[in-house]
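Peer 1: This is a predicted model, with the sequence first.
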Amino acid sequence: MDEDCHVYRPGVLDVVGGRIEWVGEATVAPATDLPERRVGGLLMPGLVNAHGHSSMTLLRGAGDELPLARWLSEAIWPKEARLTPDDVWWGMQLGCAELLRAGVTTTCEMYLHSRAVADAALGAGIRCVVTPGIFDLPGAGPGATWQRLLEDAAQLHEDLDGRNERVCVGLGPHAAYTLPSDGLTAVAKVATELDALVHVHVAESRAEDEVVRKRHGCGAPELFARTGILDCRVLAAHAVWLEDAELDLFARHDVAVAHCPQSNAKLGSGIARVPAMLARGLRVGIGTDGPASNGNLDLWEELRLSPLLARAVACDASALGTIEALRLATSGGAAVLGLDCGVLAAGRLADFVRLEFDDAAFVPARRDGEILALLVWAASSRLVTDVWVAGRHRVESGVCRNVDEPRARREVATRARRLAGA
């Protein structure tokens, strides 16, 4: 997934100290006396999940067929108000295993009890951008105000950011409709002081957009400009209901976007205008959102659905190109998070996956372009056999090496029953 989309057959990948030292054709590979491993199959960069709430494995399936506003207020927030850090840790452990086995090596997470999220991610071996959720959570008591959660997020940044190369910490103000203007201003001030990523839901549904415009006399992008949020490094999740002028405003402020097609479709929220974003030079990645709104954490489905929806809406088979779709899931996701992964190239982080190439999905695939096309249109997460993060083997022959999945499933099932009141 470098700029020219090179495919090396056969290829060699040299990994030293968690980074890629060399990649290229086997016939010109540098000599080495280091251990060699012949893996066969197809090696590619690990996928990057640009927006997730993976601990919501605890709430998978909740509120099916409800629109976003009712889904949150009736099915999600009442349960989240009763979450404990242990609940979130187990939910994230199970989520990490699901992500890793699907070939996702990096995930950007917004959730509550974010110290537990970070601890679970570190234990599972995935790379994680942790952005603690900041808003007034209904029913959660005095410890869940936006002021308290912002303080906790800043403390987590001080404690964890930069301490381990696999975890960095940002801020996660929930949305323009769940935070007051002074809350957004406060988040912008702290984010500027910490030089922290601001990860926020933006114009996810039409109803949300209408609430923000009625309350503030403008859409979320303009409100973010007024409150200083756009002066920070911003990752806007969803960004479905944005006008041309608002996309232009995002482009001027170099706002990145996390496109979540499956969650948006399942909740009936709409389809983001990804081709229009890319035409303006916006950095775009793709995200699963949470397993409660999506159903699963399989980023391969988002990888395929992104161009499908763009082409269907535009009635144009070239509206979002095949290679561009691959970039959204790899180098594009890395770019929106500001991380040095998503590409197999010297100096980059050694996050990569192996797919089984001896499969009907790659028949026939004679030329390089055909292989890349079939990665999008025929391959899937079922072909992921092995995963490396920072050069360390995290999934081997389909088994996640750092997560006790049977126990994680039991723990999550038990805790989910308690949250549901069963």
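Peer 2: Alright, I've got the coordinates. Residues are numbered from 1 along each chain as shown.
Peer 1: correct me, but His53 touches Leu112?
Peer 2: No - if you go by CB atoms under 8 Å, His53 and Leu112 don't touch, sitting 9.4 Å apart. From N, CA and C alone the C-beta is placed, and that goes for glycine too.
Peer 1: can you give me the strands in the stretch 251-400 of the chain?
Peer 2: 256-259, 284-286, 352-355, 384-389, 392-396, 399-400 (DSSP state E, counting those that start in this stretch).
Peer 1: Save those strands as CSV, and put in distance to Leu122 too.
Peer 2: Listed next are the strands of the stretch 251-400 of the chain as CSV, based on distance: least, CB to CB, whole Å:
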stretch, distance to Leu122
strand 256-259, 22
strand 284-286, 22
strand 352-355, 20
strand 384-389, 11
strand 392-396, 12
strand 399-400, 14
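Peer 1: Looking at these, which is nearest to Ala102?
Peer 2: Comparing the strands of the stretch 251-400 of the chain against Ala102 with CB to CB, the closest turns out to be strand 384-389 (6.3 Å).
Peer 1: What residues of that closest one count as buried?
Peer 2: 384-389 (16 or more other CB atoms under 10 Å).
Peer 1: Between those residues, which sits nearest Ala251?
Peer 2: Using CB to CB, those come closest to Ala251 at Val389, 32.2 Å.
Peer 1: Which residues are in contact with that closest one?
Peer 2: 46, 100, 105, 125-127, 166, 351 (CB atoms under 8 Å, 6 or more residues apart in numbering).
Peer 1: beta partners of it?
Peer 2: Listed beta-bridge partners, Val389: Arg392 (assigned using DSSP bridges).
Peer 1: Quick check: the gap between it and Gly332.
Peer 2: 19 Å (CB to CB, to the nearest Å).
Peer 1: And for Pro132?
Peer 2: On the measure of CB to CB, Pro132 and Gly332 end up 24 Å apart.
Peer 1: would you list every one of the helices in the stretch 151-300 of the chain?
Peer 2: 181-194, 206-216, 220-227, 244-252, 261-266, 274-279, 299-314 (DSSP state H, counting those that start in this stretch).
Peer 1: among those helices, which is nearest Gly170?
Peer 2: Here helix 181-194 is closest among these (CB to CB), at 7.7 Å.
Peer 1: would you say Ile20 is within a helix?
Peer 2: No - Ile20: not assigned to a helix; according to DSSP: H, G, I helix; E, B strand; the rest coil it is strand.
Peer 1: Return the set of buried residues in stretch 286-302.
Peer 2: Buried residues in stretch 286-302 (16+ other CB under 10 Å): 286-295, 297-302.
Peer 1: More neighbours: which of His53 and Leu112?
Peer 2: The residue with more neighbours, out of His53 and Leu112, is His53; 31 against 24, by other CB atoms under 10 Å.
Peer 1: Grab the nearest non-local neighbour of the more buried one.
Peer 2: The spatially closest residue to His53, leaving aside those adjacent along the chain, is Gly290, at 3.3 Å (CB to CB, 6 or more residues apart in numbering).
Peer 1: Val39 now?
Peer 2: Arg354 (5.5 Å).
Peer 1: Could you do Ile229 as well?
Peer 2: Nearest to Ile229 is Ala188, by CB to CB, 6+ apart, at 4.9 Å.
Peer 1: which residues touch the one you found?
Peer 2: By CB under 8 Å, 6+ apart, the neighbours of Ala188 are 198, 227-229, 231-232.
Peer 1: what about 6 Å?
Peer 2: 227-229, 232 (CB atoms under 6 Å, 6 or more residues apart in numbering).
Peer 1: where does the residue nearest to His53 fall, phi/psi-wise?
Peer 2: phi -90, psi 160 (degrees, to the nearest 10).
Peer 1: From Asp298, how far off is Glu109?
Peer 2: Distance from Glu109 to Asp298, by CB to CB: 16 Å.
Peer 1: The spatially closest residue to Glu21 that is not a sequence neighbour: neighbouring residues, count only.
Peer 2: Using CB to CB, 6+ apart and skipping the chain neighbours, the partner closest in space to Glu21 is Asp14 (4.3 Å). Asp14: 17 surrounding residues under other CB under 10 Å.
Peer 1: who's in contact with the spatially closest residue to Leu149 that is not a sequence neighbour?
Peer 2: Closest residue to Leu149 apart from its sequence neighbours, by CB to CB, 6+ apart: Ile134 at 4.6 Å. Going by CB under 6 Å, 6+ apart, Ile134 touches 146, 149-150, 172-173.
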